[in-house]
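**Q** Predicted coordinates and the sequence they were generated for:
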Amino acid sequence: MELGRAKTIAEEVIKRLSPYCQRIEIAGSVRRNKPTVRDIDLVLIPSDPWNLSYEIMRLGTSHMGGDKLKRVDYNGTQIDLYYADDKTWATLLLIRTGSKENNIRLATLAKKKGWHLSANGDGLFNEKGERIAGDSEQSIYEALGLAYREPWERT
């Protein structure tokens with residue numbers, strides 16, 4: 001689908017879910033401003049899990065559910081909802097924004113240093129298992145010795 005349509009759909013879903021979220025933001029290829037997107041990725045921190053779950057059920061058919069990810073068919077568009085908390089927000093937003101190549105680049109650089117970039121959003125950890133970055137997307141780039149890249153530059 002074209003980017004403009006995807007943004008419109010994402011904003012509709014955000015409007016419906018935001019009353020039950022502490023934070024909610026577009027991720028994935030929509031955040032990277034790709035001209036054509038396959039699905040819509042949203043990262044959220046629930047503030048009212050009960051009513052959030054109810055509203056997600058009202059969005060459409062759920063194809064996948066769990067504590068960290070819910071996949072919903074919203075009027076023919078796949079919406080992936082990734083659940084975060086204050087600690088995992090920035091890293092999860094970075095990972096779920098992508099691109100796949102950018103994530104591989106960051107993870108590979110971390111591995112070369114003996115570190116680990118956690119795909120579940122926990123952050124960037126050094127060889128001793130200590131969390132050294134992850135409070136912001138910028139902190140991960142800086143810890144890896146890289147200049148920060150805006151989402152639309154992450155190809």
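**A** That came through, no problem.

**Q** what's the distance between residue 62 and residue 51?
**A** Residue 62 is 16 Å from residue 51, where distance means C-beta to C-beta, to the nearest Å. For every residue, glycine as well, the C-beta is placed using N, CA and C.

**Q** ignore the last one, residue 94
**A** From residue 94 across to residue 51, the span is 28 Å (C-beta to C-beta).

**Q** One more: residue 122?
**A** Distance, residue 122 to residue 51, by C-beta to C-beta: 27 Å.

**Q** that older thread, higher neighbour count, residue 94 and residue 51?
**A** Shown here are residue 94 and residue 51; by other C-beta atoms under 10 Å, residue 94 has more neighbours (28 against 13).

**Q** name the element that one belongs to?
**A** Following DSSP states H and E, one finds residue 94 within helix 89-97.

**Q** Over that helix, what's the mean pLDDT, rounded is fine.
**A** The pLDDT scores in helix 89-97 average 97.

**Q** which residues touch the helix or strand that comes right after it?
**A** Once the chain leaves helix 89-97, the next helix or strand it forms, by DSSP H and E, is helix 100-112. Residues outside helix 100-112 that contact it (C-beta atoms under 8 Å, 6 or more residues apart in numbering) are 94-95, 116-117, 119, 124, 140-141, 144-146, 149, 154-155.

**Q** No more questions from me, cheers.
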